[in-house]
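[1] sequence and predicted model, in that order:
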Amino acid sequence: MLSFQRFDVYQRAIEFLALASEIVEELPRGHAERADQLLRAAESVVRNIAEGAGRWSEADSAKHYKIARGEAMESAASLDVLRLRRLVASERYERGIKLLEAVVAMLSKMI
C-alpha cells in the first residue's frame, strides 16, 4: 500500500467516488453530461490527493490539495443539480454531502 492510500482523506474520497458511480449507474437515459461531470470531478479529487502526496515540496503538494478541494466542491454542486432535478435519492445525496464535507475539511487542513 502506498502512503497516500492510508490517508483518511483519500479513503473518504474513494468512498465518494464509489457512491458517485452508483448514482450514475441509476441515472435515466439522457443525463450523460451530468453523469460525466460528476464522475470526472470525483475522480479528480482522488487523483489530486495522490499526486499531492507524491510531490517533494509542501507548496507543490498544497497546490494539488487545493485542486482536490475545488473538485470536491464541484462534486457537491453536481449532487445539488441532481437533487434539484430529482435524479438522486435523498439518502444518497445526504451520504455524498457528508463524505464531501469531510474531504473538504481534511484537505483544508492539509493546505
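    The structure has been received and is ready for your questions.
[2] and the helices in the protein?
    Read by DSSP state H, the chain holds these helices, from start to end of the chain: 8-25, 32-53, 58-84, 90-110.
[3] these two touch, right, residue 24 and residue 37?
    No. Judged on Cβ atoms under 8 Å, residue 24 makes no contact with residue 37 at a distance of 10.0 Å. (Each C-beta comes from the backbone N, C-alpha and C, glycine too.)
[4] distance of the spatially most central residue of the chain relative to residue 10?
    Nearest residue to the geometric centre of the chain (Cα atoms, centre = their mean): residue 42, 3.6 Å. According to Cβ to Cβ, to the nearest Å, residue 42 and residue 10 sit 13 Å apart.
[5] pLDDT score for the closest residue in space to residue 104 that isn't next to it in sequence?
    Excluding the flanking residues, the one nearest residue 104 by Cβ to Cβ, 6 or more residues apart in numbering is residue 72, at 5.1 Å. Reading off the confidence values, residue 72 has pLDDT 98.
[6] show me the contacts for residue 72.
    Remark: with contacts taken as Cβ atoms under 8 Å, 6 or more residues apart in numbering, residue 72 is in contact with 13, 16, 41, 45, 100, 103-104, 107.
[7] now for these: which two are most distant?
    41 and 107 (13.8 Å; Cβ to Cβ).
[8] neighbour count: these two, which is higher?
    Under the criterion of other Cβ atoms under 10 Å, the comparison of residue 41 against residue 107 puts residue 107 first, with 27 against 22.
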